[in-house]
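Chemist: Here you go, sequence then predicted model.
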Amino acid sequence: MPDSLNEHIEALARAGTLSNGTPCRVIGAAVVKRLAEETGLSGRRVEMAALRQKILPDRYLRNRKLLSETDQISLLGAAVCIVGLGGLGGLVTETLARMGVGRMTLIDGDTFESHNLNRQLLSSTDGIGTAKAVAAAERVQTINPGIEVSARSVYLTRENALELVESCHIAVDCLDDIRSRFILEAATKHAGIPMVSAAVAGISGHVTTIFPDDRGLENIYGPEDRLTVVKGAETHLGCLAPGVNLIASLECVEVLKVLLGRDNTLKNRLLVVDLSDYTIETLQFS
């Protein structure tokens, strides 16, 4: 990182406080944007440089007591692939952008329809017919223009899956059909990266994290070559926003844990949630 950038960050830092009153040094979002434009670097690179000098970008002030400077740098350096940008994917995209994940590949070949409005964060009445990947990328840029985003308005296939995920550190399955999940799982295993997978129907759902050496989806759905259904239970049960929002949030927690090397992930476990009777249980795969 150029010494001049570090000097500018040092000169432009100001006094701030954490939520508990602890003093710290901070740098504002407008300053980060200006320095990025002046240096030709991305905003995330400027933020990483500031964090290495123990100067906290003020957008992360409320992260600080849960995430260290090193943790925040790790998130800014991470590359996440989100596949499916509807109900789950929209909220996952929003949440990871606000947490400070620095690079995102956003994949969905679909466009918004009116029936998406009941639960999909990125949908709006004015945006009917808009490509979901485009809407997701635009949303990320309004939250944090320093994040590096690649919007891919394509459907996941066996032919393109590996190319879409191989440059990422982790993939997030926000798909709505089982066969596509198996395609994504195969690609992530080939690329040697983990995958956080979830499904939601009605106001219930499940989440798991699959590493390359795990049996993964076969534990949930059985062998791929014996699938008798493609769509999940949401075809019959519908989908309400509270269930979608909760499951998406749980996916984001798993992404955070994996990227930061936490040891209490849902590897070889399935977290099942049913809001109809507030049942929450974790099943251990054999």
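Modeler: Right, received. Where do you want to start?
Chemist: Output stretch 153-163 as PDB - backbone C-alpha positions only.
Modeler: Extracted in PDB, the C-alpha atoms of stretch 153-163 (Å, rounded to 0.1, in the frame of the first residue of the first chain):
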ATOM      1  CA  SER A 153     -27.400 -12.400 -15.000                       C
ATOM      2  CA  VAL A 154     -27.200 -16.100 -15.800                       C
ATOM      3  CA  TYR A 155     -28.700 -19.300 -14.400                       C
ATOM      4  CA  LEU A 156     -26.400 -21.800 -12.800                       C
ATOM      5  CA  THR A 157     -25.700 -24.800 -15.000                       C
ATOM      6  CA  ARG A 158     -23.300 -27.800 -14.900                       C
ATOM      7  CA  GLU A 159     -21.400 -26.000 -17.700                       C
ATOM      8  CA  ASN A 160     -20.900 -22.700 -16.000                       C
ATOM      9  CA  ALA A 161     -20.900 -23.500 -12.300                       C
ATOM     10  CA  LEU A 162     -17.200 -24.000 -11.700                       C
ATOM     11  CA  GLU A 163     -16.300 -20.800 -13.600                       C
END
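Chemist: Does Pro145 touch Gly43 like I think?
Modeler: Yes - Pro145 is in contact with Gly43 according to CB atoms under 8 Å; the separation is 6.0 Å. Heads up, the C-betas are built off the backbone N, CA and C, glycines and all.
Chemist: Which of the two has more residues huddled nearby?
Modeler: Per other CB atoms under 10 Å, whichever of Pro145 and Gly43 has more neighbours is Gly43, with 22 against 15.
Chemist: Just the strands from this structure, written as ranges.
Modeler: For the chain, the strands defined by DSSP state E cover 14-17, 23-27, 55-57, 79-83, 103-107, 148-152, 170-173, 195-201, 204-210, 269-274, 279-284.
Chemist: Mind putting the ones you listed into CSV with mean neighbour count and distance to Leu240?
Modeler: As requested, the strands of the chain are exported to CSV (neighbours: other CB atoms under 10 Å; distance: least, CB to CB, whole Å):
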stretch, mean neighbour count, distance to Leu240
strand 14-17, 12, 40
strand 23-27, 17, 39
strand 55-57, 23, 35
strand 79-83, 25, 21
strand 103-107, 24, 24
strand 148-152, 18, 28
strand 170-173, 26, 20
strand 195-201, 26, 9
strand 204-210, 25, 10
strand 269-274, 17, 12
strand 279-284, 11, 16
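Chemist: I'd like those strands written out as TSV, with distance to Met48 added.
Modeler: Shown next, in TSV, are the strands of the chain (distance: least, CB to CB, whole Å):
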stretch	distance to Met48
strand 14-17	18
strand 23-27	12
strand 55-57	9
strand 79-83	14
strand 103-107	12
strand 148-152	12
strand 170-173	19
strand 195-201	24
strand 204-210	26
strand 269-274	32
strand 279-284	35
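Chemist: could those go into TSV alongside distance to Asn6 and mean pLDDT?
Modeler: Output for these, formatted as TSV (distance: least, CB to CB, whole Å; pLDDT from 0 to 100):
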stretch	distance to Asn6	mean pLDDT
strand 14-17	16	94
strand 23-27	12	95
strand 55-57	10	97
strand 79-83	24	98
strand 103-107	22	98
strand 148-152	21	98
strand 170-173	30	98
strand 195-201	35	97
strand 204-210	37	97
strand 269-274	42	98
strand 279-284	45	97
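Chemist: Identify whichever of the ones you listed lies nearest to Val244.
Modeler: With CB to CB, the closest approach to Val244 among the strands of the chain belongs to strand 195-201: 5.4 Å.
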